[in-house]
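Trainee: Sharing a sequence plus its predicted fold:
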Amino acid sequence: MMEKDYLSPFAMVNKDICDGADERQVVNHITKYVTQTLNLTGCFIKLLTGSSQYEEYPSQKSLRLGDNTFKFKCSEQYKLELLSSYGLSQGFLYSRSANQPTSIFNCLPDENIYFTDITDLDQEDEDFALMKAEGLKALFMFPVDMYHENVGTVALFDSKNGSLSRDDIKFAKALTSRGIAAVVYQRNMEDLLERKRLFLSSFQEISNTINATLNINKVLQLAVQKITEALGVKGTQIRLLDQTTQELHLAASHGLSDQFQNIGPITYKRGIEAQYSLDAHHIDDIIVIEDIASDPRVQYREAVLAEKVNKMLTLPLHIRAKNIGELTIFTSGEGSFSEEELKFADAIAQQCALAIENAKIYQRIKYEYQHLLEEFGYDGSS
């Protein structure tokens, strides 16, 4: 038997990547090389779209083969995007059966799964009926991990009994993972650049609005809207501090219910050990409440949880070391805020503080000018 050439496919794929080939060309070559090198009938690579956190996965599918039980994570929320395939018909890949949320071809396997002969299965299954109609007999599936998360799946098919060796499996895993890593890296870079453009354009729009109007309500409402959209969070609020009562009064809100906006009174108290308002911070601090349900500093906890919020980020609005309010971001996400996101939100918060200060200065100058006119006998009507 001729020895399989595992090296050449890696060389050709690396050349594609170094030459700047687009992701479609890279993964198309990978599925072709895997299929031909291992003398298989076909192959596909699928990538998870959306988050890979499984708290939203209510369904788990199990298949038995002899004494072994294989499990798959299934979900209607997160879909698997077909990156590339080779040797498989369109009817197989895009059939209604193969694209059901509970199909193993649309799920993430927990581990390596190898059916060397689907006629040995202990149960009837639509997926294997589909394979039989395609003339396929063997299936090897495995998850692809990146950054300690399952980001996709690869399936290898054969029309004869499966006979993959350990070296074959190592080769298939290494080459497909190389391609998926290139795709994920490229998409992450594109997402990063797009987010930077979004942050910059949002900041510029708010700055331009501040320069173009003294309508502070318009500025603050634009700020909470842009932060919510740019960060992809549940909502954002700005509350201004009444220095006399030490209460925080709602000035602008976006993405949150009317009922939630009406909660109060919200008291702001300084000091590390003090009871805080919705979250907590003291001047110049950015405080993240990681778990609304358990953090003792949170007031109106039931109202916050009813809003489907589990994390909050608060930034101070301050002018010349004097706190004039708070900007609070509410999210239902699981991940932490990045340093870039914190800097973006903080920059917007200080832009809002500057806009408020400018409006106060304008009102004071306007009042003093009007008073000066009156002293010189003008009533300001002409």
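Mentor: Nice, I can see it. Numbering: from 1, shown residues only.

Trainee: where along the stretch 51-200 of the chain do the helices fall?
Mentor: 90-93, 126-133, 166-212 (DSSP state H, counting those that start in this stretch).

Trainee: Mind listing what's buried along the shortest one?
Mentor: Within helix 90-93, the residues that qualify as buried by neighbour count (16 or more other CB atoms under 10 Å) are 92, 93. Glycine gets a C-beta too; all of them are placed from N, C-alpha and C.

Trainee: picking up where we left off before, just send the helices of the stretch 51-200 of the chain back as CSV, with mean pLDDT and distance to residue 13 too.
Mentor: Compiled in CSV, the helices of the stretch 51-200 of the chain are given as follows (pLDDT from 0 to 100; distance: least, CB to CB, whole Å):
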stretch, mean pLDDT, distance to residue 13
helix 90-93, 92, 22
helix 126-133, 88, 27
helix 166-212, 81, 6
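
Trainee: Would you mind telling me which of these is nearest residue 18?
Mentor: Of all the helices of the stretch 51-200 of the chain, it is helix 166-212 that lies closest to residue 18, at 10.4 Å by CB to CB.

Trainee: Other residues contacting the next helix-or-strand element following the closest one?
Mentor: Following helix 166-212 in sequence order, the next helix or strand is helix 216-231 (DSSP states H and E). By CB atoms under 8 Å, 6 or more residues apart in numbering, the residues outside helix 216-231 that reach it are 195, 198-199, 202, 205-206, 209-210, 213, 233-238, 251-255, 327, 329, 331, 337, 341, 344-345, 348, 351-352, 355-356, 359.

Trainee: Give the buried residues for helix 216-231.
Mentor: Here helix 216-231 shows 216, 219-228, 230-231 as buried, counting by 16+ other CB under 10 Å.

Trainee: re earlier: among the contacts of helix 216-231, which are located in helices?
Mentor: 195, 198-199, 202, 205-206, 209-210, 341, 344-345, 348, 351-352, 355-356, 359 (DSSP state H).

Trainee: Quick one, which of the residues you listed are buried?
Mentor: 195, 199, 202, 206, 209-210, 341, 344-345, 348, 351-352, 355-356, 359.

Trainee: and which of the residues you listed is nearest to residue 176?
Mentor: residue 195 (28.0 Å).

Trainee: residues contacting that closest one?
Mentor: Shown in contact with residue 195 (CB under 8 Å, 6+ apart): 230, 340.

Trainee: And residue 86, by the same measure?
Mentor: 28, 31, 32, 34, 35, 42, 43, 44.

Trainee: Just the pLDDT for it.
Mentor: Looking at residue 86, its pLDDT stands at 95.

Trainee: Can you report how many residues lie near the residue lying closest to it once chain neighbours are set aside?
Mentor: Excluding the flanking residues, the one nearest residue 86 by CB to CB, 6 or more residues apart in numbering is residue 31, at 3.9 Å. Residues lying near residue 31 (other CB atoms under 10 Å) number 24.

Trainee: Could you tell me whether residue 31 really is in a helix?
Mentor: Yes - the assignment for residue 31 is a helix, going by DSSP: H, G, I helix; E, B strand; the rest coil.
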